[in-house]
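Colleague: Got a sequence here, can you build the structure:
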Amino acid sequence: MKMKKLGSSDIEVSHFCLGSMTWGTQNTAEEGHAQIDRALEAGINFIDTAEMYPVNPVSAETVGRTEEIIGQWFARDKRRDEVVLASKHSGEGMQHARDGAPISSDTIPDAIEGSLKRLQTDYIDLYQFHWPNRGSYMFRKNWGFDPSSQNRAETIAHMEDALGALQREVERGTIRAFGLSNESAWGLTQWAAVAERTGGPRPISVQNEYSLMCRLADTDVSETCVNEQIDMLAFSPLAAGLLTGKYQGGKVPEGSRLSINEDLGGRVTPRAFEAVAAYLEVAQKHGLDPVQMALAWCDTRPFMGSVIFGATSLEQLEVALGGAELTLSDEVLSDLDAAHKAHPMPY
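Modeller: You can find the predicted model right below:
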């Protein structure tokens, strides 16, 4: 498994990261533990979670359960030092955490303490803000994105306030590094600038949706990542399962995400299936597994830190692991670019 230092930090992570958001709904604790065991055996040292997990669906009854499952694994195996652990602070609108309060210096210590307790650990390696207080264009909001209600002074004041609280947590030893999620190029630049000005922890990563079918980051965000040493952590690199091909032809496998979420968070469109068909054709032409091709492609991007993938079975996990050692030829990359140009922004 290839490794790299994340952003400007000394934290070394595997190029593939094990996602956990189904543990506690679609997966049992035992299944989650088995995934961790197999991932570590394969050389993955990076696990991503969040206080709001599991999803499908998010509910008051299940919030925090995924962190608890990971904590049970730590307590059982005593292998905390082998894992780079990332978690996230929910923000405004997440009613099941702190009544939907926005992220602030008041919420950060409590949120971290809650995660530490559930995770049964003394520290979180990478602590991320799940989405910006000011709102985000992610999750298909890009089609009607309108930042006109934002207040720059309030945003900068919030960043200063939050970074001060995060710096205190760094000094306490509860977190090692800070990252963002669902963030824009402007937001990344401002967080970095405020950190340099105030001395708070500088962001080392941004976890945004990124895949062959969702390439919003290819210009502004990618340029920011490269120049500010903020690595991308790609989530949904398989487009919520679309790129596996399992949903083609109207198929809805039992237990799949589409059987639970009928539009896959706005990803299900006629153009999406047309795009999938084009990518499946590339995989078939070159004798590649489409899952491994899609994951390996994400890993080729110059701004990529780690590719986060999830699995609901060990069989799916094994297939995904094969992508870590796959090198795509120039011909494959050219064909994938051609498919993208023919089917841009399919959802």
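Colleague: and the longest helix for this protein?
Modeller: In the chain, with assignment by DSSP state H, the single longest helix is helix 152-172.
Colleague: mean confidence for the next helix or strand after it?
Modeller: Sequence-wise, the next helix or strand downstream of helix 152-172 (DSSP states H and E) is strand 175-181. Averaged across strand 175-181, the pLDDT comes to 98.
Colleague: And for stretch 211-226?
Modeller: For stretch 211-226, the per-residue pLDDT averages 98.
Colleague: Okay, buried residues for stretch 24-35 please.
Modeller: Buried residues in stretch 24-35, defined by neighbour count with 16 or more other Cβ atoms under 10 Å: 24-27, 29, 31-35. To be clear about C-beta, it is placed using only N, CA and C from the backbone, and glycine gets the same treatment.
Colleague: Could you verify my assumption that Thr312 touches Asn27?
Modeller: Yes: assessed by Cβ atoms under 8 Å, Thr312 is found in contact with Asn27 at 5.8 Å.
Colleague: Reformat the buried residues of stretch 24-35 as a markdown table; add secondary structure.
Modeller: A markdown table is the format used below for the buried residues of stretch 24-35 (DSSP: H, G, I helix; E, B strand; the rest coil):
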| residue | secondary structure |
| --- | --- |
| Gly24 | coil |
| Thr25 | coil |
| Gln26 | coil |
| Asn27 | strand |
| Ala29 | helix |
| Glu31 | helix |
| Gly32 | helix |
| His33 | helix |
| Ala34 | helix |
| Gln35 | helix |
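Colleague: Thr244: which of those is nearest?
Modeller: Thr244 lies nearest to Gln26 out of the buried residues of stretch 24-35, by Cβ to Cβ, at 15.4 Å.
Colleague: Now the phi/psi pair for the closest one, please.
Modeller: Dihedral angles of Gln26 (phi, psi; degrees, to the nearest 10) stand at phi -80, psi -20.
Colleague: which ones are touching it?
Modeller: Gln26 sits next to 54, 56, 255, 257, 260, 312 when contact means Cβ atoms under 8 Å, 6 or more residues apart in numbering.
Colleague: Look up how far Glu274 lies from it.
Modeller: Counting by Cβ to Cβ, to the nearest Å, the gap from Gln26 to Glu274 is 28 Å.
Colleague: same thing with Asp106?
Modeller: From Asp106 to Glu274 the distance is 48 Å (Cβ to Cβ).
Colleague: Ok, Asp10 next?
Modeller: Distance from Asp10 to Glu274, by Cβ to Cβ: 44 Å.
Colleague: what ranges do the helices span in the stretch 151-300 of the chain?
Modeller: 152-172, 185-198, 220-228, 257-260, 270-285, 290-300 (DSSP state H, counting those that start in this stretch).
Colleague: Deepest-packed of these, please.
Modeller: Across these, the average number of neighbours (mean count of other Cβ atoms under 10 Å) peaks for helix 290-300, which reaches a mean of 22.
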